[in-house]
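A.B. asks: Please work out how this folds:
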Amino acid sequence: MEKAAIIWTQLKASVGAQKWAIALSAIVAIGLGLAGISVPAVLLFWLVWLVALVNRAADPRPPVPSSNPSAMEHAGLGPLAAAFDALDTPILVVAADETVILQNQAAEKAFGTIPPNTDLAARVRSPGILDMVRETIVTGKANQFEHSERFPSEAVYIVRVAPADIGAPPARRLFVLSYRDISQARRIDRMRSDFVANASHELRTPLASLRGFIETLQGPARNDAKAHEKFLAIMHEQATRMSRLVDDLLSLSRFELKSHIAPDEAIDLAPLLGHVRDTLQPLAKDLNVEIVLDLPVGSVIVQGDRDELTEVFENLIENACKYGQDGRKVEVTLLGGGGMPAEVAVRDHGPGIPAEHVPRITERFYRVNVEASRSKKGTGLGLAIVKHILTRHRARLIVQSELGKGTVFTVRF
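C.D. replies: Sure thing, here's the model as predicted:
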């Protein structure tokens with residue numbers, strides 16, 4: 001009875017699986033009978049068709065096991081592959097015959113897809129990396145070294161390879177090749193070194209001047225009253241220059257420390273720009289430059305820090321007056337308000353900035369014209385400070401310049 005019940009259950013399942021085919025075959029059989037074909041022949045045909053369908057459903061063809069070697073390779077590395085995919089470090093798993101059997105998603109994104117069982121030397125063209133991997137395969141000891149790439153973009157990696165026994169005993173020895181990206185750290189180190197070198201150079205010049213004048217006053221000009229007056233004036237100017245430089249360096253450090261903290265004070269830009277214009281009016285008068293404000297009727301409110309924004313626009317308008325004084329006019333235009341984003345444009349009609357200098361003018365100590373900058377008492381840090389303040393305010397500085405026609409600095413909030 002139990003065996004009959006099992007057979008009956010299997011038969012029901014087979015019929016259920018093929019119910020649509022059985023129904024269709026019954027309709028066809030009825031159609032053939034109505035067409036005048038012998039009923040016994042049609043019935044016999046339909047019964048044979050029915051038995052074939054039931055047998056096909058009851059005894060399905062077993063799946064053919066995959067013979068793809070790469071799939072079998074991955075079968076033993078499934079949990080490991082999932083763990084590697086969760087990391088943001090590019091990782092390649094290499095076999096003892098120097099073939100790549102696995103790469104994680106970060107490696108695929110960084111280096112492109114590497115098919116399983118691809119020879120490592122076909123995709124990694126660095127002799128240093130290949131030699132390091134071969135040494136680890138032979139000795140079984142981990143190795144690492146610093147590797148630089150120039151294409152598709154400049155990047156620096158700490159490349160490390162280490163042996164790993166993977167799988168159930170007897171474990172298979174594989175080698176994990178990882179790339180730790182230190183490009184950003186290297187860029188920061190280079191910027192820090194350049195900054196120290198530039199700051200030392202900027203301070204060395206006024207210090208050398210002061211030392212020379214002091215030695216002169218102590219020696220040949222000890223009793224020369226006119227030389228005293230002349231040299232003391234120059235010494236005062238050089239000391240003031242050093243003071244400005246130190247103040248700018250301290251300001252830059254302060255802004256860098258809090259660049260990740262966005263200010264939340266509501267600032268109306270119209271009266272702030274009016275205050276900056278009034279503050280710089282004496283300088284503009286001395287340079288024979290007119291500062292023209294173009295302000296909207298309503299308020300233009302941004303989230304910011306009043307003192308820092310004042311420093312930004314003082315710097316931009318002062319630079320426009322000094323370096324664009326040949327145009328005799330500096331135009332300051334405020335746009336926005338009423339739900340529109342705020343934008344301040346400072347335009348001068350001076351000689352303009354050559355196109356090759358525009359991308360670098362916000363770098364520390366970068367000057368388009370060194371002599372002109374120093375003669376106008378510039379430290380080379382003003383626009384670097386502006387950039388850091390605007391970064392904190394989540395704003396952008398856009399520079400457009402045309403030789404002979406002037407320059408426009410636009411602050412877009």
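
A.B. asks: Identify, by residue count, the longest strand of this structure.
C.D. replies: Scanning the chain for the strand with the most residues, using DSSP state E, yields strand 155-166.

A.B. asks: Would you mind pulling up the elements that that strand packs against?
C.D. replies: Strand 155-166 is packed against helix 127-139, strand 143-149, strand 172-181, helix 183-218, with contacts defined by 3 or more C-beta pairs under 8 Å, 6 or more residues apart in numbering; DSSP states H and E. Bear in mind the C-beta positions are built from the backbone N, C-alpha and C, glycine included.

A.B. asks: so which of the ones you listed gets nearest residue 102?
C.D. replies: Set against residue 102 and scored by C-beta to C-beta, those come closest in strand 172-181, at 8.5 Å.

A.B. asks: Also compute the angle for the closest one relative to strand 143-149, please.
C.D. replies: Angle, strand 172-181 to strand 143-149, by axes from the mean of the first three to the mean of the last three C-alpha atoms, to 10 degrees: 40 degrees.

A.B. asks: Give the buried residues for strand 172-181.
C.D. replies: The neighbour-count check on strand 172-181 (16 or more other C-beta atoms under 10 Å) flags 174, 175, 176, 177, 178, 179, 181 as buried.

A.B. asks: Likewise for stretch 226-242?
C.D. replies: Neighbour counts over stretch 226-242 (16+ other C-beta under 10 Å) mark 231, 235, 238, 241, 242 as buried.

A.B. asks: Could you look up the next helix or strand downstream of the lowest-mean-pLDDT helix or strand in the chain?
C.D. replies: Ranking every helix and strand in the chain by mean pLDDT, DSSP states H and E puts helix 69-75 at the bottom, with a mean of 43. Going down the chain from helix 69-75, the next helix or strand is helix 78-85, by DSSP states H and E.

A.B. asks: Packing partners of that following helix?
C.D. replies: strand 91-94, strand 99-103.

A.B. asks: Of the helices and strands packed on strand 155-166, which stretch is the most buried?
C.D. replies: When these are scored by mean count of other C-beta atoms under 10 Å, the highest mean neighbour count falls to strand 172-181 (a mean of 18).

A.B. asks: For it, list the C-alpha coordinates in CSV.
C.D. replies: Extracted in CSV, the C-alpha atoms of strand 172-181 (Å, rounded to 0.1, in the frame of the first residue of the first chain):
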residue,chain,number,x,y,z
ARG,A,172,46.0,24.7,-1.2
ARG,A,173,48.7,27.3,-1.0
LEU,A,174,47.7,30.5,-2.8
PHE,A,175,49.2,34.0,-2.8
VAL,A,176,47.3,37.2,-2.0
LEU,A,177,48.5,40.3,-3.9
SER,A,178,47.1,43.5,-2.4
TYR,A,179,47.4,47.2,-3.5
ARG,A,180,47.1,49.9,-0.8
ASP,A,181,46.6,53.3,-2.4
